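Sharing a sequence plus its predicted fold:
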Amino acid sequence: MRKSRVSIKQYQEMIARVLSALRERFREVIRIEYPESYAKRAVDFVVEDRGVLKVYPSMPSKHSCIEDLRRIARILGLSAVVVTNRIEERETIDEVVHLRYGVKVVNEKTFSMYLRGLKVFVYEYRGSLYTHIDGCKLRELRLKHRLSLGELAGILGISRKALYQHEQGKMDMSIETAERLIEAFPEDAEEVFNSINLFSTEIVHEKGEAEAVPRTESEAKVISTLTREGAEVAVLNYSPPDMIAKVGENKLLIVSDNVRRLEERVKKLEAVEKMSTAINALAIAVGRERELSKDFDQIQFVEPARLRNMLHDLVRSSRA
């Protein structure tokens, strides 16, 4: 029990620090507090319409919370960021973006540095370090020094084919090659490297379909209707929406009827309403609004019997 209390305290302190830093940089930062347990919550913050962010004092091995975060980012076109100082009990590296499970992972120091406008150039993937490069500027550097592909490749210790792929923008550069480039051209090399934007969708989206296994009859109707129309749908387990989808340019946050306790449903809907406003998404709730103790201006309520027709209409309008 003592370990659990310390963990919660660490999380709360870290959340407060990250929130303060975010609000100094961004105009709109929405804090999500549903579900109540931080260990069972996939999203702690929505940052404008740029991305979703999760805070961990120590990030566990792949967890359903991270899978939720990845699905939200992938389908809704957002960036997914995790701020943590350890991954599976191993300390994260300063000034490095770690790629894990389709999300970007940074420690507090690196995140704070990024928010202050300082640049991050290096990312880690599967145990190796890489950096983004501007292929056109790399080619300009080579031509400026009157070097052939073979000559520069020899200086960098790579093949001509690899150098050609770098210049074409088809392959990022290993940190070892980048260091050799800096050593060879200390005055020119810096302009070749591109910094990493944490709140963009670059270098994170993995291939594969999002799983959509319904838990209720209404969820099955949603999934069936949208998938038949070619939309990608995901079921979430640790997030305010129960399902998400994108239909044309419409982002959908859908709350099914699987929460029966009214107090719990109100908390879920409050969080969904906040998310929908931040990312300009359409929020849909299956069920009746009049049963609730609060009005929701940004959520469209629909009876289960009318759900399929409403989704059909939405799909048609998005294609018009």
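Cool, got the structure.

for the strand or helix carrying E270, the distance to its chain's centre please.
For E270, the host element (DSSP states H and E) is helix 262-279. Centre-to-centre, helix 262-279 and its host chain are 20 Å apart (Cα atoms, centre = their mean, to the nearest Å).

who touches whichever helix or strand comes after it?
Using DSSP H and E, the helix or strand that follows helix 262-279 in sequence is strand 282-286. With contact meaning Cβ atoms under 8 Å, 6 or more residues apart in numbering, strand 282-286 is reached by 218, 222, 241, 250-257, 269, 272-273, 275-276, 296, 298-304, 307, 310, 314. C-betas here are computed from N, CA, C, even on glycine.

Sheet-wise, list the partners of strand 282-286 with their directions.
strand 250-255 (parallel), strand 299-302 (parallel) (DSSP bridges).

I'd like the ones you listed as CSV, with mean pLDDT appended.
Shown next, in CSV, are the strands paired with strand 282-286 (pLDDT from 0 to 100):
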stretch, mean pLDDT
strand 250-255, 93
strand 299-302, 92
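
Just name the most buried of these.
Ranked by mean neighbour count, the strands paired with strand 282-286 are led by strand 250-255 with a mean of 23 (mean count of other Cβ atoms under 10 Å).

Residues touching it, excluding its own?
Against strand 250-255 from outside (Cβ under 8 Å, 6+ apart): 76-77, 222, 240-246, 265, 268-269, 272, 275-276, 279-286, 299, 314, 318.

Pull the CA coordinates from it and hand them back as CSV.
Provided in CSV are the C-alpha atoms of strand 250-255 (Å, rounded to 0.1, in the frame of the first residue of the first chain):
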residue,chain,number,x,y,z
ASN,A,250,-15.1,14.3,-39.7
LYS,A,251,-13.5,13.0,-36.5
LEU,A,252,-15.9,11.0,-34.3
LEU,A,253,-15.7,10.4,-30.6
ILE,A,254,-18.4,7.9,-29.7
VAL,A,255,-19.7,7.0,-26.2
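
got a pLDDT number for I155?
Looking at I155, its pLDDT is 97.

For it, grab the count of nearby residues.
17 (other Cβ atoms under 10 Å).

That one: which element?
Assigned by DSSP H and E, I155 falls in helix 149-156.

got a list of contacts for that helix?
142, 145, 147, 159-160, 162-164, 177, 180-181, 184.

Now do R126 against A73, distance only.
20 Å (Cβ to Cβ, to the nearest Å).

Who has more neighbours out of the two?
A73 (21 against 6).

Go ahead and confirm the more buried one touches G51.
Yes. The pair A73 and G51 qualifies as a contact (Cβ atoms under 8 Å) at a distance of 7.0 Å.

intersection of neighbour lists for those two?
With Cβ under 8 Å, 6+ apart, A73 and G51 have common neighbours 79-80.

I'd like to know which of the contacts of helix 149-156 is nearest to V106.
Of all the contacts of helix 149-156, V106 sits closest to T177, with 23.0 Å by Cβ to Cβ.

is it fair to say that closest one lies in a helix?
Yes. Under DSSP: H, G, I helix; E, B strand; the rest coil, T177 falls within a helix.

I'd like to know how many residues surround it.
Neighbour tally, T177, other Cβ under 10 Å: 20.

What sits closest to it if chain neighbours are left out?
Nearest residue to T177, sequence neighbours excluded (Cβ to Cβ, 6 or more residues apart in numbering): L156, at 5.2 Å.

Any figure for the gap between S61 and P240?
From S61 to P240 the distance is 24 Å (Cβ to Cβ).

Comparing these two, which residue is more hemmed in?
Set S61 next to P240 and count neighbours by other Cβ under 10 Å: P240 wins out with 25 against 10.

Contacts only, for the more buried one.
32, 34, 43, 253, 255, 268, 271-272, 275.

ok, now L53?
18, 22, 43-47, 80-83.

And the helices in the stretch 1-150 of the chain, which stretches?
Under the criterion DSSP state H, counting those that start in this stretch, helices of the stretch 1-150 of the chain are mapped to 2-25, 64-76, 108-115, 135-144, 149-156.
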